[in-house]
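> give me the fold of what follows.
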Amino acid sequence: MQVLQGQMMHKAATLVSPAKQFAALPAQGRCRQLVHCCATSGVQTPPKPGTAAVGTSDKAKGKQQGKQQGQKQKHGKQQQLQSTSSAEDIRALRIDKAEQFRQANQEPYAYRFDRTHYTSELQQLYSHLENGQEDEQASVAVAGRIVARRVLGKLAFLSLRDDKGQVQLYVDKACLEQQQPGRFAQLKNLFDIGDIVGAKGSVKRTDKGELSVLASDLSLLTKSLLPLPDKWHGLADVEKRYRQRYIDLIMSEETRATFRARSKLISVIRRHLEDNGFLEVETPVLEAVAGGADARPFVTYHNALGKPFALRIATELHLKRMVVGGFERVFELGRVFRNEGVSSRHNPEFTSVEVYQAYADYTDMMDLTEALLRTAAKAVCGSLTISYQGADIDLSQPFRRVSMNQLVQDATDLDVLGTWGPAGSAAGQLEEARRAALEAVQRCCTDRDEARKAAAKVHAANSVGVLLNQLFEATAESALIQPTFVTEHPVEISPLAKPHRSKQGVTERFELFVTGRELANAFSELTDPLEQRTRFEAQLAAHRAACEAATAQQQAAAITAEASNEIGSSTSSSSGSNGLQQQQQQDPDEMPYEIEVDYD
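Coordinates of the predicted model:
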């Protein structure tokens, strides 16, 4: 025995992990455990005392041990394949494992499983267990995904995660195989990280304090065909996180928490509005003419009706019709679609909440918005002070209310409306305001690319009101970290808002900004139908003029490019022509687009 043990010690020296496990064992159990660790690497397990060794005369036993040795070698090859092979090879290997379950008359994709507890419930119910203590009377059933596994001789430890949390499965070979003979071998050879399993048994707390289900029954519920990302590095590919969100959800507790918080937020918004007497309604997504906002729509085609439709860009117009019909307080939580750019702040489809209240103005909407945000923050975050990207947002104090013109003046020292007036669209007056605005942009914008984009928009401004809005976006918007209601928007950019009752050229409108981002937009609704029509017609005329100018510019660019190609055929002239075309190309999202008018 001493010779055999010496050989095994030599073999085990090359196995770092088993050697560490051996050193940690009590003295009386070292020899047996060491034999097991080494046997998986090719050293034969010694016979038990009182049994005969394998000889040439004992053919049956020799065959059986040879079969077991072959299975161990096959398992070793499988583990090596999983650690070094491509996703396709691993998938093929796991499909073979699923087939082995079927050959054993076990379905690898179960129909159902009777769960008694979530993992979080177990953590609460058995928090009283001391280290090393077991509740033998407990009988629980849990289900979830294997996110980690360790096999140590006749023991295995699986980390099981469900929708509520995580718990350890403590699998003892002797206990498991009392009800399921051969299951422990399947656990070692056929179960993988990523598989969904169900386990039944009692509850114990290990000597190290880990609450565990002592599994007496273990079932494969779903065989995973592809491996999970590396445990320690997680899902590092940002692109894959967004395109394969389900993998991100498996690997990231932070992402799962975000989804739960969003769901709770939607519920809180709905409940707060209903508690204040608002009625939730649903309005059409397909519209003959997209309206309610100035945005490019997604266009589709209705085969049965034989006509094009647009996905809604806002829920506004249908909700206003509800108010006209007699519902005094309505809201809708719905998806809207805008066929424009994509960024961290803009998504082509997003959820909005629109609220309409009769007999109220924009000050009432500011009060409602402020109360709604406080209620939501308290319910979802548990506090009115929120830390976001290194900034502490205080929602407990009354939100600041300040005009757009004042914010621009604070940022640039330009009193745009006070100097050039709300009617400052005359050529000379507008040019003077534009020159001052361009100087302010160059002075205040530290990012050269942002300054260039802002300067282009200032050049394109066709009125002082539009120019004021461009200056605000370029110089003041990003500095609004704490909750701020920006009020008194110019008439030119607010066609649906009432004119301010005491100030010329601006409207009774606000936008709420937090951390430099717009969270809400509201106004006292323009209810004068003649004034509304006049503004719409002016907006339509300006839009069509922009389309005509863009078309003329494209035609001129095409003629110039064609002439350049005809003049010379050399590589240099061709490359020069391509450079000219590239300079004249515009971002599709910046190009004007044709719109239709809904006169209903």
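> which one is Ser85 nearest to, not counting chain neighbours?
Nearest residue to Ser85 in three dimensions, chain neighbours excluded: Leu93, at 7.4 Å (CB to CB, 6 or more residues apart in numbering). Using the backbone N, CA and C atoms, a C-beta is placed for each residue, glycine as well.
> what's the neighbour count on that neighbour?
17 (other CB atoms under 10 Å).
> flag the shaky bits of the stretch 1-150 of the chain, pLDDT-wise.
1-84 (pLDDT under 70).
> could you rerun that using 90?
Within the stretch 1-150 of the chain, the stretches with pLDDT under 90 are 1-87.
> and what of the stretch 201-350 of the chain?
228-244, 251-252, 289-296, 340-347.
> one more: the stretch 451-600 of the chain?
459-463, 492, 495-496, 529, 531-600.
> could you look up the SS state of the residue nearest to Ser85?
Secondary structure, DSSP: H, G, I helix; E, B strand; the rest coil: Leu93 is helix.
> what do you get for Leu226?
Secondary structure, three-state DSSP: Leu226 is coil.
> now for it: which residues touch it?
When contacts are counted by CB atoms under 8 Å, 6 or more residues apart in numbering, Leu226 touches Ala87, Ile90, Arg91, Arg94, Gly194.
> where do the strands sit along the stretch 51-200 of the chain?
With DSSP state E, counting those that start in this stretch, the ranges of strands along the stretch 51-200 of the chain come out as 134-152, 155-161, 166-172, 196-205.
> okay if I get the ones you listed as TSV plus mean neighbour count and distance to Thr446?
Listed next are the strands of the stretch 51-200 of the chain as TSV, based on neighbours: other CB atoms under 10 Å; distance: least, CB to CB, whole Å:
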stretch	mean neighbour count	distance to Thr446
strand 134-152	17	45
strand 155-161	19	46
strand 166-172	22	46
strand 196-205	22	52
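> picking that back up, as JSON lines, the contacts of Leu226 with neighbour count would be great.
JSON lines is the format used below for these (neighbours: other CB atoms under 10 Å):
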{"residue": "Ala87", "neighbour count": "10"}
{"residue": "Ile90", "neighbour count": "19"}
{"residue": "Arg91", "neighbour count": "15"}
{"residue": "Arg94", "neighbour count": "22"}
{"residue": "Gly194", "neighbour count": "17"}
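> who's in contact with stretch 126-143?
Contacts for stretch 126-143 (CB under 8 Å, 6+ apart): 113-119, 122, 160, 162, 167, 169, 196-209, 211, 213-214, 221.
> hmm, 7 Å instead?
For stretch 126-143, contacts defined as CB atoms under 7 Å, 6 or more residues apart in numbering pick out 113-117, 119, 122, 160, 162, 167, 198-205, 207, 209, 211, 213-214, 221.
> how about the host helix or strand of Val402: buried residues?
In the assignment (DSSP states H and E), Val402 maps to strand 400-403. Neighbour-count burial for strand 400-403, counted by 16 or more other CB atoms under 10 Å, picks out Val402, Ser403.
> what's that strand packed up against?
strand 484-487 (3 or more CB pairs under 7 Å, 6 or more residues apart in numbering; DSSP states H and E).
> what strands line up against the strand it packs on, and which way round?
Strand 484-487 has the following sheet partners, assigned by DSSP bridges: strand 400-403 (parallel), strand 509-514 (antiparallel).
> which helix or strand contains Ala546?
helix 529-567.
> now do Asp449 against Gly516, distance only.
Using CB to CB, to the nearest Å, we find Asp449 at a distance of 17 Å from Gly516.
> also His272?
As judged by CB to CB, His272 and Gly516 stand 25 Å apart.
> neighbouring contacts of stretch 507-515?
For stretch 507-515, using CB under 7 Å, 6+ apart, the contacting residues are 361-362, 366, 369, 388-389, 391, 393, 477, 480-481, 483-487, 489, 491, 494, 497-501, 518-524.
> which residue is the nearest non-sequential neighbour of Gln100?
What sits nearest to Gln100 in space, not counting adjacent residues and going by CB to CB, 6+ apart, is Leu190, at 6.0 Å.
> how about Gly277?
Distances taken as CB to CB, 6+ apart put Arg329 closest to Gly277, at 5.2 Å, once the chain neighbours are dropped.
> got a list of what that neighbour touches?
By CB under 7 Å, 6+ apart, the residues touching Arg329 are Gly277, Phe278, Leu279, Gln357.
> hang on, the earlier thing: the helix or strand that the strand holding Val402 is followed by - contacts with which helices or strands?
Downstream of strand 400-403, the first helix or strand assigned by DSSP H and E is helix 404-412. With contacts taken as 3+ CB pairs under 7 Å, 6+ apart, helix 404-412 sits against helix 416-420, helix 427-444, helix 464-475.
> now the angle from helix 404-412 to helix 464-475?
Relative orientation of helix 404-412 and helix 464-475, computed by axes from the mean of the first three to the mean of the last three CA atoms, to 10 degrees: 50 degrees.
> who's in contact with helix 404-412?
Contacts to helix 404-412, defined as CB under 7 Å, 6+ apart, come from residues 414-417, 440, 444, 468, 471-472, 475-476, 486, 488-489.
> which one of His272 and Gly516 is surrounded by more residues?
Between His272 and Gly516, counting by other CB under 10 Å, His272 is the more crowded of the two (18 against 15).
> now do the contacts for the more buried one.
Going by CB under 7 Å, 6+ apart, the list of residues near His272 reads Leu372, Thr375.
> in what helix or strand does it lie?
helix 253-275.
> and after that helix, which helix or strand comes next?
Per DSSP H and E, helix 253-275 leads on to strand 279-280 as the next helix or strand towards the C-terminus.
> following that next one, which helix or strand comes up?
Past strand 279-280, the next helix or strand by DSSP H and E is strand 286-287.
> and Arg112, how close does it get to Arg443?
When Arg112 is compared with Arg443 (using CB to CB), they lie 68 Å apart.
> same question, Val353
According to CB to CB, Val353 stands 39 Å off from Arg443.
> of these two, who's got more company?
Set Val353 next to Arg443 and count neighbours by other CB under 10 Å: Val353 wins out with 16 against 12.
> for Gly153, give me phi and psi.
Gly153 adopts backbone torsions of phi 70, psi -120, taken as degrees, to the nearest 10.
> likewise for the one 10 residues further on?
Main-chain dihedrals, Asp163, degrees, to the nearest 10: phi -70, psi -20.
> distance check, the residue nearest to it when sequence neighbours are not counted against Ala261.
Closest residue to Asp163 apart from its sequence neighbours, by CB to CB, 6+ apart: Tyr118 at 6.9 Å. From Tyr118 across to Ala261, the span is 19 Å (CB to CB).
> more neighbours: the two, which one.
Counted by other CB under 10 Å, Tyr118 and Ala261 do not tie: Tyr118 has more neighbours, with 17 against 14.
> how close does the more buried one sit to Arg296?
Taking CB to CB as the measure, Tyr118 and Arg296 are separated by 46 Å.
> go on, Thr206?
Distance, Thr206 to Arg296, by CB to CB: 60 Å.
> more crowded one of these two?
For Thr206 versus Arg296, the count of surrounding residues by other CB under 10 Å is larger for Arg296: 20 against 17.
> how far does the helix or strand hosting Val323 sit from the chain's center?
Per DSSP H and E, Val323 falls inside helix 316-324. Relative to its chain's centre, helix 316-324 lies at 32 Å (CA atoms, centre = their mean, to the nearest Å).
> buried stuff in that helix?
Glu316, Leu317, His318, Leu319, Lys320, Met322, Val323.
> ok, stretch 464-479 next?
In terms of neighbour count (16+ other CB under 10 Å), stretch 464-479 has its buried residues at 464-477.
> tabulate the residues you listed in a markdown table, adding columns for distance to Gln554.
Output for the buried residues of stretch 464-479, formatted as a markdown table (distance: CB to CB, whole Å):
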| residue | distance to Gln554 |
| --- | --- |
| Val464 | 29 |
| Gly465 | 28 |
| Val466 | 23 |
| Leu467 | 26 |
| Leu468 | 30 |
| Asn469 | 27 |
| Gln470 | 24 |
| Leu471 | 29 |
| Phe472 | 31 |
| Glu473 | 27 |
| Ala474 | 27 |
| Thr475 | 32 |
| Ala476 | 34 |
| Glu477 | 31 |
